[in-house]
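Colleague: Predicted model and sequence follow; I will ask about them next.
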Amino acid sequence: MPELPEVETVRRDLLKVLLGQKITALKIFSASIVKTAPATFSKKLKGATITALKRRGKLLIIELDRPNLFLLVHLKMTGQLIYLSPAALITGGHTFSEAERKREFPNRHTRVSFTFADGSHLFFNDLRKFAYLKLVDKEALDKIIASNYGPEPLDKNFSHDLFAASLKKSSRSIKAVLLDQKVIAGLGNIYVDEALFAAGILPDRVSKSLKPAEVSKLFKVIPEILKKSLKYRGTTFRNYLDGRGRSGNFSKQLQVYGRDGEKCYHCQETLKKIRLAGRGTHYCPKCQK
Ligand SMILES: [Zn+2]
């Protein structure tokens, strides 16, 4: 699943082409991924102009020139956004099939297509249909964010004290706590494993057992790793492409994720993989305590 750096990269790439685009037509190919009644969805979006593209955690929020209307886009496992015009193909999310490389859109994975006033298109594709589109008003949006999304680690207001307090009150493993979007928004399996390695903390440690110095280290390394990954346009491990349809290059910077059985770059110990919080978890048994 794309995590914060990958979704943010897609957002930045699409922002350049989507701002100011007026939706003149749209077609729903697969109603199950649209979490709003299809007739309402079409009626409310037709004629609307995109005024902003924002992100909260792994959720994309498209703002429109309609009062009190927001289009939510969650890519989940295999969602893709594809912008196509005669001059540009900008895509992000899941990797491309052969047909998609040949610019054959819509195709059998297209769930919704939008046509803009200038003749360009935005396709929302999803192989596994876990991704979704949803129209909400401000009140619903605020409620979704308040009940599902904790602090943004790249926000300047990201608070050490709040982060420390969340970790202090949990008896779950630190891995599970960092995956919890309500504790910190946007982290997934890759960046949690990398952050715990960078902070020298074993993933199965009980969250509330972390010493203040360990919490501080974790608080410091999380934004550092995310920023570095953003610079490399994210990580492509299995199925993510950035907004230009290319693999993210952070993969080469990964210290532990996906490297089980290989030597730790720091201590030469063999890296391990265990199952924790329902996820494959990678770590160095020597560098992490
Ligand atoms: Zn090591």
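Modeller: Done, it's in.
Colleague: residue boundaries of the helices in the stretch 1-150 of the chain?
Modeller: For the stretch 1-150 of the chain, applying DSSP state H, counting those that start in this stretch gives helices covering 4-18, 38-45, 98-101, 138-148.
Colleague: from those helices, which stretch is densest packed?
Modeller: Among the helices of the stretch 1-150 of the chain, ranked by average contacts under mean count of other C-beta atoms under 10 Å, first place goes to helix 4-18 (a mean of 22). The way it works is simple: take the backbone N, C-alpha and C, and place the C-beta from them, glycine included.
Colleague: Let me see the mean pLDDT of that one.
Modeller: The average pLDDT within helix 4-18 is 92.
Colleague: Check which helices and strands that helix sits against.
Modeller: Using 3 or more C-beta pairs under 8 Å, 6 or more residues apart in numbering; DSSP states H and E, the elements in contact with helix 4-18 are strand 50-56, strand 59-64, strand 79-84, strand 89-93, helix 212-231.
Colleague: mind checking how far the second one is from the chain centre?
Modeller: Relative to the centre of its chain, strand 59-64 is centred 13 Å away, using C-alpha atoms, centre = their mean, to the nearest Å.
Colleague: hmm, back to that, for the helices of the stretch 1-150 of the chain, which one sits closest to Gly188?
Modeller: Evaluated over the helices of the stretch 1-150 of the chain, closeness to Gly188 peaks at helix 4-18, with 8.0 Å, by C-beta to C-beta.
Colleague: Could you tell me the angle between that closest one and strand 89-93?
Modeller: Using axes from the mean of the first three to the mean of the last three C-alpha atoms, to 10 degrees, the inter-axis angle of helix 4-18 relative to strand 89-93 is 150 degrees.
Colleague: Next, the angle strand 79-84 makes with helix 4-18.
Modeller: Going by the same axes, to 10 degrees, helix 4-18 makes 30 degrees with strand 79-84.
Colleague: Give me the contact list for helix 4-18.
Modeller: With contacts defined as C-beta atoms under 8 Å, 6 or more residues apart in numbering, helix 4-18 is touched by 2, 50, 53-55, 57-60, 62, 75, 81, 83, 85, 88, 90, 92-93, 120, 122, 153-154, 185-188, 191, 226, 229-230, 233-235, 240, 242-244, 248, 250.
Colleague: Skipping adjacent residues, who's closest to whichever residue of the stretch 1-150 of the chain sits closest to the ion in space?
Modeller: Per C-beta to the ion, Glu3 is where the stretch 1-150 of the chain lies closest to the ion, at 23.1 Å. Excluding the flanking residues, the one nearest Glu3 by C-beta to C-beta, 6 or more residues apart in numbering is Gly188, at 3.8 Å.
Colleague: who touches the one you found in this structure?
Modeller: So Gly188 contacts 1-4, 58, 179 (C-beta under 8 Å, 6+ apart).
Colleague: For those, pick the one with the most neighbours.
Modeller: When neighbours are counted by other C-beta atoms under 10 Å, Pro2 leads the contacts of Gly188 with 30 neighbours.
Colleague: got the residues of the stretch 151-289 of the chain near the ion?
Modeller: Within the stretch 151-289 of the chain, the residues that sit near the ion (C-beta under 5 Å from the ion) are 264, 266-267, 269, 284, 286-287.
Colleague: Tell me which of those fall in strands.
Modeller: Among these, no member falls in strands (criterion: DSSP state E).
Colleague: Could you tell me which of those belong to helices?
Modeller: Judged by DSSP state H, helices contain none of these.
Colleague: Now Thr61. Nearest residue, chain neighbours left out?
Modeller: Not Thr; residue 61 is Ile. Lys54 (4.4 Å).
Colleague: The one you found: what's it in contact with?
Modeller: 11, 60-63.
Colleague: please redo it, this time with the cut-off set to 10 Å
Modeller: For Lys54, the contact set (C-beta atoms under 10 Å, 6 or more residues apart in numbering) comprises 11, 15, 60-63, 70.
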